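A.B. asks: A structural model of the following input is requested.
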Amino acid sequence: MTTPLDDAALTAFLEGQETAWLAEQLMLIADEDPITRIRLTGAAGSESAVDDARAAVLSAVADHRPDEAAEDSDDDALHRVLDLLDDLADYGFEDETSDIADEAREIYLTRHGEDGSEHLARLHSLADAEDEE
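C.D. replies: The predicted structure follows:
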């Protein structure tokens, strides 16, 4: 019987690896997952992350079906792209993130109304973050 590595053991393993190998592993993941690619591109400071994030967020809002929302937010596509916006704001794209969230909020409200969902609350928070500064 094998036991899975817990987060601490996996972190310790990764910390001991060569940078080139870690970069290769991240690129493999980024090739398979557009959200990860956008996140890494944003962390690198590339403005292209903003356009890619806008497309991903607006697509997720358009595809969102509140009645089919995943029970676990980790499995929810809309929560995942909203997490991406949080990260982009942390990487220095605060104004752009707020603009994307505002645009997404308008689409969400048009499609679903003021439904009291956690998704909409997050969009309000992200869109209005600029006003709070």
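A.B. asks: show me where this protein has helices.
C.D. replies: Ranges of helices within the chain are 7-15, 19-32, 34-43, 48-63, 77-90, 94-112, 118-132, based on DSSP state H.
A.B. asks: export the ones you listed to a markdown table and tack on mean pLDDT and mean neighbour count?
C.D. replies: C-beta: built from backbone N, CA, C; applies to glycine. A markdown table is the format used below for the helices of the chain (pLDDT from 0 to 100; neighbours: other C-beta atoms under 10 Å):
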| stretch | mean pLDDT | mean neighbour count |
| --- | --- | --- |
| helix 7-15 | 94 | 10 |
| helix 19-32 | 97 | 11 |
| helix 34-43 | 97 | 19 |
| helix 48-63 | 96 | 18 |
| helix 77-90 | 96 | 20 |
| helix 94-112 | 96 | 18 |
| helix 118-132 | 87 | 16 |
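A.B. asks: wait, doesn't residue 14 sit right on residue 22?
C.D. replies: Yes - if you go by C-beta atoms under 8 Å, residue 14 and residue 22 touch, sitting 6.7 Å apart.
A.B. asks: using PDB, list the CA coordinates for stretch 110-130.
C.D. replies: C-alpha atoms of stretch 110-130 as PDB (Å, rounded to 0.1, in the frame of the first residue of the first chain):
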ATOM      1  CA  THR A 110     -28.000  40.900 -17.200                       C
ATOM      2  CA  ARG A 111     -28.100  37.100 -17.300                       C
ATOM      3  CA  HIS A 112     -28.900  36.200 -13.700                       C
ATOM      4  CA  GLY A 113     -30.000  39.300 -11.900                       C
ATOM      5  CA  GLU A 114     -29.000  40.200  -8.400                       C
ATOM      6  CA  ASP A 115     -29.200  36.600  -7.200                       C
ATOM      7  CA  GLY A 116     -27.200  36.900  -4.000                       C
ATOM      8  CA  SER A 117     -24.700  34.300  -5.100                       C
ATOM      9  CA  GLU A 118     -21.100  34.100  -3.900                       C
ATOM     10  CA  HIS A 119     -20.000  34.600  -7.500                       C
ATOM     11  CA  LEU A 120     -21.800  37.900  -7.700                       C
ATOM     12  CA  ALA A 121     -20.500  39.000  -4.300                       C
ATOM     13  CA  ARG A 122     -17.000  38.300  -5.500                       C
ATOM     14  CA  LEU A 123     -17.600  40.200  -8.800                       C
ATOM     15  CA  HIS A 124     -18.900  43.200  -6.800                       C
ATOM     16  CA  SER A 125     -15.800  43.100  -4.500                       C
ATOM     17  CA  LEU A 126     -13.300  42.800  -7.400                       C
ATOM     18  CA  ALA A 127     -15.100  45.500  -9.500                       C
ATOM     19  CA  ASP A 128     -15.300  47.900  -6.600                       C
ATOM     20  CA  ALA A 129     -11.800  47.400  -5.300                       C
ATOM     21  CA  GLU A 130     -10.600  50.400  -7.200                       C
END
